[in-house]
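Undergrad: build the 3D model from these lines:
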Amino acid sequence: MSEEKKDEQLEQEVIQEETTCCQTEETCFKEESLEDKVARLEEELKQSEEKYLRVHADFENIKKRLEREKYQAIDYASEKFAKDLLTPIDTLEMALASANADLDAAELLSKLKEGIELTIKNFVTTFEKHNISKIDTDGEFDPNVHNAVMQVDSNNHESGQIVSELQKGYMLKDRLLRPSMVSIAN
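TA: Residues are numbered from 1 along each chain as shown. As a prediction, this is how the structure comes out:
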């Protein structure tokens, strides 16, 4: 609708309101003039536009902040796990440092063994803390979690049973991290 038609329509509405409102000159009071009404509506439109622009800008800022936080969460998702791995590495470094100590061979071997056992214990504790579990290799072969790399003859095992574990497998909650590498009986 063109501006002229809008103005005409507004004028007709104002005239109609004045006519219906005012039966006589005495009871009639002057309604808002057309120019005042247009100015008021323009001001309301301007305020609405400003409000919309502020809300839109806020939305865009929130969207950008959430996107940035998402990428930070992805980048630093393993931070807690990495911090927990610092203890086992410290234990390994202490075991290695003890190799330089002035000890006889038997005592040195004992200290190194103790350091390695402590390191493994620290790794197991860290894994448990982060829901990483070792895959069980007792019993039947399960192709979902085991990787058979060889078949061997065994009198002690039935065909398809796991004879030995060559490399441990691990699960993260219910997701396979690495299958167990096993040998199975013929």
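Undergrad: got the contact list for the nearest residue to Gly160 once chain neighbours are set aside?
TA: Beyond its immediate neighbours in the sequence, the residue positioned closest to Gly160 (C-beta to C-beta, 6 or more residues apart in numbering) is Phe141, lying 5.5 Å away. Any C-beta I mention is one placed from the backbone N, CA and C, and that applies to glycine too. Under the criterion of C-beta atoms under 8 Å, 6 or more residues apart in numbering, the contact list for Phe141 reads 148, 160-162, 182, 184.
Undergrad: so which of these is the most crowded?
TA: Neighbour counts for the contacts of Phe141 (other C-beta atoms under 10 Å) peak at Val182, which has 24 neighbours.
Undergrad: next, that one: phi, psi?
TA: Torsion angles at Val182 (phi, psi; degrees, to the nearest 10) stand at phi -130, psi 160.
Undergrad: what of Gly160?
TA: phi 90, psi -10.
Undergrad: just confirm it contacts Pro143, I think it does.
TA: No. Under the contact definition of C-beta atoms under 8 Å, Gly160 does not touch Pro143, with a separation of 10.6 Å.
Undergrad: before we move on, the earlier item: by pLDDT, give me the weakest of the contacts of Phe141.
TA: For these, the least confidently modelled position is Gly160, at 85, judged by pLDDT.
Undergrad: which secondary structure elements does the helix or strand hosting Ala148 contact?
TA: Using DSSP states H and E, the element containing Ala148 is strand 146-152. Of the remaining helices and strands, those touching strand 146-152 by 3 or more C-beta pairs under 8 Å, 6 or more residues apart in numbering; DSSP states H and E are strand 162-167, strand 180-185.
Undergrad: before I go, just wanted to say thanks for your time.
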